[in-house]
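Quick one: sequence plus predicted model below, questions after.
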Amino acid sequence: MLKVLDLHNNFINPDAAPGLSSMLNSKTNLSEVRISRNALEAKGMSDIASALQNIYSLKVLDVSSNNIQVRASNDISAILKSNTSLEILDVSQNMLESLGCIKLCKALQKHHHNLKVFNINNNGINSIIAAYELASALKDKQKLEVVNVSQNEFEAGLAAIVASLKSTKFLKELTLRESGTVDQKAVIEICQVINQNPSLEVLDLRGTMLQTSGADKIFRTLSRSTALKVLNVSYNNIEDSAARQLAASSLAYHSTLKVLLINNNPLSYATIKEVVFKQLSNASSLKNIRVPNITNLRIKADIDQKVEMINRNRKETNKLIFSNFG
């Protein structure tokens, strides 16, 4: 009895969708359907949606990267209404836009209390109304572990989305990169979510117009975290004072932190050096730090020497990456 159907990256286009739909009609016991990285588009999604609506045991639905347009949002919403126990929903890398997001969120609101992973990354969403609908959909989803709303434009509504996650207790990944403005209100909500979720491992705030004062508050809150593995605050407006707070805080002593991304902020080389040295000296399992591409050869030489000295005393070799990747 087939339980898992994984057809990702198979060049499935709208012409193949009717055949796939016919096959799905006979597989009503499926618990996982993964059709990511194909080319279903709206027509193909509509064709298979009728079959997916009859699979009431579905726990995983991944239709990411399929060029699905907004007109298929009704079909996806119908799937969500008939399958009320989803644990993983990934509709990222499509073109659902604001209207499609709103329709999906309305379908999610009343059910799906077992939802653990929600990914709507990069869907061309650009309205504050969609942000509030998304906040309403995620509210009271206490089992959420992964939330990715990045590369959309929720404007000031980003704070409402984060606020909706305050009921979570098991959140491990929160990705907000390039999804709106992390203003002071959003900073307060992020800090509360961090406090509510001691298991948080990944926090991605790249390109959210995070300012120095907000970064300072977030770094102070994160200093109480003992699970953080990845922190991305690149492409923001964080100045030296907040970065030094990061270096001085107990976050610098966490053995769990493995990746720190601070590139493309207006930081002095002296501050970058201070942060990097602190991390290398105190985070015993740190393997990668990504900092701005350092053209000052003296500072780079100093850091390289520090890495070499530390590696002599460690079983695991540290790797320092000088890049603009974030």
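Good, I have the coordinates.

Hmm, Ala186 and Glu159 touching each other?
Small correction: residue 159 is Ala, not Glu. Yes: assessed by CB atoms under 8 Å, Ala159 is found in contact with Ala186 at 3.9 Å. C-beta coordinates here come from the backbone N, C-alpha and C atoms, glycine included.

Just want to know which of these two has more residues nearby.
Ala186 (26 against 23; other CB atoms under 10 Å).

for that one, phi and psi?
Phi and psi for Ala186, reported as degrees, to the nearest 10, are phi -70, psi -40.

For it, give its distance to Val230.
20 Å (CB to CB, to the nearest Å).

again, but for Phe219
On the measure of CB to CB, Phe219 and Val230 end up 15 Å apart.

now do Ser249
Counting by CB to CB - Ser249 and Val230 are separated by 17 Å.

got a list of what the residue positioned nearest the centre of the chain touches?
In the chain, the C-alpha nearest the mean C-alpha coordinate belongs to Thr175, at 2.7 Å (CA atoms, centre = their mean). By CB atoms under 8 Å, 6 or more residues apart in numbering, the contact set of Thr175 is Asn121, Val147, Asn148, Val149, Ser150, Val202, Asp204.

okay, and for the stretch 101-250 of the chain, where does confidence drop off?
250 (pLDDT under 70).

Can you show me the strands along it?
Assigned by DSSP state E, counting those that start in this stretch, the stretch 101-250 of the chain shows strands spanning 117-119, 146-148, 173-175, 202-204, 230-232.

would you list those strands in JSON lines and tack on distance to Leu58?
Formatted as JSON lines, the strands of the stretch 101-250 of the chain follow (distance: least, CB to CB, whole Å):
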{"stretch": "strand 117-119", "distance to Leu58": "14"}
{"stretch": "strand 146-148", "distance to Leu58": "18"}
{"stretch": "strand 173-175", "distance to Leu58": "22"}
{"stretch": "strand 202-204", "distance to Leu58": "26"}
{"stretch": "strand 230-232", "distance to Leu58": "30"}
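
Among those strands, which comes closest to Ser65?
Nearest of the strands of the stretch 101-250 of the chain to Ser65, taken as CB to CB: strand 117-119 at 10.9 Å.

quick one: Arg244 from Ser199, how far?
Applying CB to CB to Arg244 and Ser199 gives a distance of 28 Å.

These two: which is more packed in?
The neighbour count for Arg244 versus Ser199, taken as other CB under 10 Å, is higher for Arg244 (18 against 14).
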